[in-house]
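Trainee: Structure for the following, please:
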Amino acid sequence: MNEPSPTAVRRLVWIIAIGTAARAAVAARFPIHPDEAYYWLWAHHPALGYLDQPPMVAYLILLATRLGDAVIWIRLPSLLLGAATSYALFLLGRDLFDDRAGLVAAGLFQIVPILMFGGIMAVPDAPMYLAWVLALRFVWQALHGRPQRWRAAGLAMGLGLLSKFYMAWLALGMLLYIVLDARSWLRRVQPYQGAIIALALVLPVAYWNLHHHWANIRFLLDDRPRPRQGLAGFETFWLTLPYVAFLTPAFVWAFWTTLRRAQDERFRYLCWTSLPAVAFPIVVAAAGVARGHWWGPVYLQLAVVVGVLWNRAVAAMAAGNALVVGCAMALAVAGLSSVPPLSFLSYLYGWNTVAQRVEQQMRQLDAATIVVTDRYSIAAALSYYGNLRYPVLLAGATDPASVWPRFKDYRNANGVGVTYSAFPWARCFRRSENAGPVPAQPYRRLRVVKLYGLFADCPRGPRPHSTTDTGAGGPGR
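Mentor: This next block holds a predicted model:
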């Protein structure tokens, strides 16, 4: 492979610099999401594993928040990983095809919402995206004259699995490709060396699960919120259209191209490696556990194919995406949360006011020591905006593997309850007293309740149907 042209290098530098600067501006201004607040709480409880996800995101936040707990520091690792993912995408596209394919893929990372948010928000997807692209590139290189790259691929795969278990579908896709298209590698030692490295990296998570009654497996199979089940579960995929916006036809065309041009090894490689990750959300949609953003890493490798298919129609779609995303980012930086297309995210605003109201009620209540809520989003927001000045207990969060405080440690305590709707406080407190509503601008009003004499674990409330709150089990990622 020849060196990239100076023009391609200059364009890549501009793409990454402008994209990172724009994402940094949004990261500094956009309110923290409940998922991010939850992972921030993880960073205050370092462990080898957690109930919902592997530990990578917690350690990245732990490292970054040495600089402070402001949202920009929490998101700093994702910003840096986003820049690195853009560069890795360029290298992948260039290795498989040419400079143009790599440049387009790097550019799409900046304007496709589901990919861009992976370079802004402090979520497990950010490190997984980089690991996904690196693993794809290293395996391709290993298959084509650089067998030592199997070890690098194993390292990338292991780090990806430490970020998010969805990485396992890429491993399955690679195994599928090798069995069907490169079977001779099954008789060589290098792929097994890579596999051993990957397994060694995830052994601590397996050890943690072993000593926590396989909490991750139980969460995935039973506790994960299921807002839509049956045929309604397939609505998830219609709701994912904003994740790629105007470029939806281009990505569909790109996937179809990998199938139609399967005689070309490059397209065949991208097809087989993406197929398990594409199929899994569809298979489990009826069970209500599918999430549209699970296709995020697939869009990464399809972005390379979009670069190959680049023409005027695709360029027009990309321009529309860039315009909409640019306007949304400008509104986010300006803090105009009530203006479309950001109004649906208005539930993220106003939590400072809620936290202040809760603290005011706690000062007025004799011997108040705890805050109790029935919604994960409220618990995460109050933990962050309250800066851990008081324990926040989540109703129904009784799993020992959870980072939420245990009710049994606060028997007879008084406190403040915060809910969106009525909750059976009498099942866990001896007396409750309404303290009035408080707005969480302008999403909906919260009820604040004074609580006296905790005597039992508060039960899990009804599971919400909104995707903005994923219930007591934790985030729906």
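
Trainee: Return the per-residue confidence for the closest residue to residue 219 other than its chain neighbours.
Mentor: Leaving aside its chain neighbours, residue 219 sits nearest to residue 51 (5.4 Å; criterion: C-beta to C-beta, 6 or more residues apart in numbering). C-betas here are computed from N, CA, C, even on glycine. Residue-level confidence at residue 51 comes out at 89, pLDDT.

Trainee: One more: residue 47?
Mentor: At residue 47, pLDDT is 94.

Trainee: wait, doesn't residue 372 sit right on residue 413?
Mentor: No. Counting by C-beta atoms under 8 Å, residue 372 sits too far from residue 413 to count as a contact (9.4 Å).

Trainee: so what's the backbone phi/psi at the residue nearest to residue 219?
Mentor: When read as degrees, to the nearest 10, the backbone of residue 51 gives phi -60, psi -40.

Trainee: quick one on the thing from earlier: what do residue 372 and residue 413 both touch?
Mentor: residue 454 (C-beta atoms under 8 Å, 6 or more residues apart in numbering).

Trainee: Name the residue in the two with the higher neighbour count.
Mentor: Counted by other C-beta atoms under 10 Å, residue 372 and residue 413 do not tie: residue 372 has more neighbours, with 28 against 20.

Trainee: For the host helix or strand of that one, buried residues please.
Mentor: Using DSSP states H and E, residue 372 falls within strand 368-373. Across strand 368-373, burial judged by 16 or more other C-beta atoms under 10 Å covers 368, 370-373.

Trainee: Just after it, pick out the following helix or strand.
Mentor: Sequence-wise, the next helix or strand downstream of strand 368-373 (DSSP H and E) is helix 376-385.

Trainee: re earlier: run the chain-centre distance for the strand holding residue 372.
Mentor: Centre-to-centre, strand 368-373 and its host chain are 29 Å apart (C-alpha atoms, centre = their mean, to the nearest Å).

Trainee: can you check stretch 55-71 too?
Mentor: With C-alpha atoms, centre = their mean, you get 15 Å for stretch 55-71.

Trainee: Span of it from start to end?
Mentor: 19 Å (C-alpha to C-alpha, to the nearest Å).

Trainee: again with stretch 440-460
Mentor: Chord length of stretch 440-460, first to last residue, is 22 Å (C-alpha to C-alpha).

Trainee: got it, and stretch 182-190?
Mentor: With C-alpha to C-alpha applied, stretch 182-190 spans 13 Å between its terminal residues.

Trainee: Any buried residues in it, and which?
Mentor: For stretch 182-190, burial by neighbour count (16+ other C-beta under 10 Å) applies to 182, 185, 190.

Trainee: got it, and stretch 314-325?
Mentor: So, applying 16+ other C-beta under 10 Å, buried residues of stretch 314-325: 314, 317-318, 321-322, 324-325.

Trainee: Repeat that for stretch 262-271.
Mentor: 265-271.

Trainee: export those to a markdown table and tack on secondary structure?
Mentor: Listed next are the buried residues of stretch 262-271 as a markdown table, based on DSSP: H, G, I helix; E, B strand; the rest coil:
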| residue | secondary structure |
| --- | --- |
| 265 | helix |
| 266 | helix |
| 267 | helix |
| 268 | helix |
| 269 | helix |
| 270 | helix |
| 271 | helix |
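
Trainee: Quick check: closest non-adjacent residue to residue 390.
Mentor: Spatial nearest neighbour of residue 390, chain neighbours left out: residue 371 (5.6 Å); criterion: C-beta to C-beta, 6+ apart.

Trainee: ditto for residue 393
Mentor: For residue 393, the spatially nearest residue (C-beta to C-beta, 6+ apart) is residue 372, at 4.7 Å.

Trainee: can you check residue 257 too?
Mentor: Distance criterion C-beta to C-beta, 6+ apart; nearest residue to residue 257, sequence neighbours excluded, is residue 305 at 5.7 Å.

Trainee: For that neighbour, the count of nearby residues, please.
Mentor: By other C-beta under 10 Å, the residues close to residue 305 number 29.

Trainee: Can you classify the residue lying farthest from the centre of the chain by secondary structure?
Mentor: For the chain, the residue at maximal distance from the C-alpha centroid (C-alpha atoms, centre = their mean) is residue 366, at 40.1 Å. Classification of residue 366 using three-state DSSP returns coil.

Trainee: That one: what's it in contact with?
Mentor: By C-beta under 8 Å, 6+ apart, the neighbours of residue 366 are residue 414.

Trainee: re earlier: pretty sure the residue nearest to residue 219 sits against residue 217.
Mentor: No. The criterion here is C-beta under 8 Å, and residue 51 misses it with residue 217 at 10.7 Å.

Trainee: More neighbours: which of the two?
Mentor: For residue 51 versus residue 217, the count of surrounding residues by other C-beta under 10 Å is larger for residue 51: 21 against 11.

Trainee: wait, which of the buried residues of stretch 262-271 is closest to residue 20?
Mentor: Nearest to residue 20 among the buried residues of stretch 262-271 is residue 270, at 26.0 Å by C-beta to C-beta.

Trainee: Give me the pLDDT value at the closest one.
Mentor: Looking at residue 270, its pLDDT is 97.

Trainee: so it sits right up against residue 303, yeah?
Mentor: No. Residue 270 is beyond contact range of residue 303, at 10.5 Å (criterion: C-beta under 8 Å).

Trainee: Run a quick neighbour tally on residue 80.
Mentor: For residue 80, the count of nearby residues is 17 (other C-beta under 10 Å).

Trainee: gap between it and residue 406?
Mentor: Distance from residue 80 to residue 406, counting by C-beta to C-beta, to the nearest Å: 36 Å.

Trainee: can you give me the strands in the stretch 151-300 of the chain?
Mentor: Here the stretch 151-300 of the chain has no strands by DSSP state E, counting those that start in this stretch.

Trainee: in stretch 280-293, what counts as buried?
Mentor: 280-281, 284-285, 288-293.

Trainee: okay if I get these as a markdown table plus distance to residue 117 and pLDDT?
Mentor: What follows is those, written out as a markdown table (distance: C-beta to C-beta, whole Å; pLDDT from 0 to 100):
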| residue | distance to residue 117 | pLDDT |
| --- | --- | --- |
| 280 | 21 | 88 |
| 281 | 18 | 84 |
| 284 | 22 | 77 |
| 285 | 22 | 73 |
| 288 | 23 | 64 |
| 289 | 21 | 70 |
| 290 | 18 | 70 |
| 291 | 13 | 75 |
| 292 | 12 | 74 |
| 293 | 8 | 83 |
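
Trainee: Would you format those residues as JSON lines with distance to residue 68 included?
Mentor: Listed next are the buried residues of stretch 280-293 as JSON lines, based on distance: C-beta to C-beta, whole Å:
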{"residue": "280", "distance to residue 68": "38"}
{"residue": "281", "distance to residue 68": "37"}
{"residue": "284", "distance to residue 68": "39"}
{"residue": "285", "distance to residue 68": "41"}
{"residue": "288", "distance to residue 68": "39"}
{"residue": "289", "distance to residue 68": "36"}
{"residue": "290", "distance to residue 68": "37"}
{"residue": "291", "distance to residue 68": "31"}
{"residue": "292", "distance to residue 68": "33"}
{"residue": "293", "distance to residue 68": "28"}
